[in-house]
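In: Give me coordinates for this.
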Amino acid sequence: MLTPLASLRTGLELQLTAESRAWLHRALAEAADVRGDVSAAGLPRWELHFVTAGRKCHPVPRDCATSDPVDAARVLILHAAAPGTETLTRLYTRGTGDERRAVLLALPHLDPPPDTAAALALVEDALRTNDTRLIAAALGPYAAAHLSAHQWRQGVLKCLFTGVPTAAVAGLEHRAAGDDELARMLEDYARERTAAGRTVPEDLGHLLKLARFEETAESEETEEREAR
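Out: Predicted coordinates:
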C-alpha cells in the first residue's frame, strides 16, 4: 500500500530532531525551487541534499522507529524536485545502495511520472542484485502496478531465494491470486529444495495457497461462518 506523501512527511518530522527538521524544510524548499540553484560541487542543491541525507537526517532517540527517516527524506526530496527520467536514472546508477533504494521507493510518488520503460529498467536491475533491501524496495507499489507478469513472478521467487519476506511485496495477494504459472513455479522450486535436502521457505506455503486461490476460499469460508 502506498503511503500518502503528507503522511510520510508528518511521520518523518515527528521522528527528527529540531536541527534535522530545519534541514528538511530547507532541502524541500530548495528542491521545489524551479530556478535550480547550484552547489559548490556543481550539482543542483537538491541533489546535494539527496546525497547527504544520511548525515543530516537524525531521528530523536526512541525505543522503536516505524520507518527509515533517511529513506523518507530522500523520497520527499525527489518528489519536490520532480527530476526528469535521465536525472533519476543517473541518481540510481551512480548512487550508493541506500540512494538506489530511495530512487526505487520514490517511483510511485513522482509527478510527472518517469518514463515507464526506463523506470522498469531500474526495478529489473535491482532484482538482479542480491541486496535484500534493494530487492524489497524494487517490489513496491510501482512494480505491483507496472511490472510484467513474468518479471513479477521472478521477483517473488527472488524473495524466496534471498530470504526477503514476501510481506514486502506490494499487491501480493491481488497479483498472486489464481496465478497458475506462479503456482507451477513455486511447486517446482519446492520440489528442487526438497530433493536437495534443503528446507522450503516458510513463505512458500502462503504464496502457493494464494496462487491456487485456496487462501481466498478459506477467508471467505471463515467470513461466512462468522456471519452466521
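In: ok now stretch 74-92, how far from the chain's centre?
Out: Its chain's C-alpha centre and that of stretch 74-92 lie 15 Å apart, by Cα atoms, centre = their mean, to the nearest Å.
In: I would like the residues contacting it, please.
Out: Stretch 74-92 is contacted from outside by 5, 8-9, 12, 24, 27-28, 31-32, 44, 46-47, 49-50, 53, 99-100, 102-106, 109-112, 114-115, 118-119, 121-122, 125, using Cβ atoms under 8 Å, 6 or more residues apart in numbering. From N, CA and C alone the C-beta is placed, and that goes for glycine too.
In: Nearest the middle, which residue of this protein would you pick?
Out: Ala137 (2.6 Å; Cα atoms, centre = their mean).
In: Got the confidence number for it?
Out: At Ala137, the model reports a pLDDT of 97.
In: which SSE is it in?
Out: Ala137 belongs to helix 132-138 when assigned by DSSP states H and E.
In: got a list of what Met185 touches?
Out: For Met185, the contact set (Cβ under 8 Å, 6+ apart) comprises Arg153, Leu157.
In: Is it correct that Leu210 is in contact with Ala176?
Out: Yes. Under the criterion of Cβ atoms under 8 Å, Leu210 makes contact with Ala176 at 4.1 Å.
In: could you pull out the helices for this protein?
Out: 5-15, 18-32, 45-56, 69-81, 85-94, 97-106, 116-127, 132-138, 141-146, 149-162, 172-176, 180-195, 202-211, 214-227 (DSSP state H).
In: worst average pLDDT in those?
Out: helix 214-227 (a mean of 49).
In: picking that back up, and the residue nearest to the centre of the chain, what does it touch?
Out: Listed by Cβ under 8 Å, 6+ apart, the contact set of Ala137 reads Arg101, Leu104, Leu105, Ala126.
In: rerun that using 6 Å as the cut-off
Out: Residues in contact with Ala137 (Cβ atoms under 6 Å, 6 or more residues apart in numbering) are Arg101, Leu104, Leu105.
In: Could you report the neighbour count for Ala145?
Out: The local packing of Ala145 (other Cβ atoms under 10 Å) involves 14 other residues.
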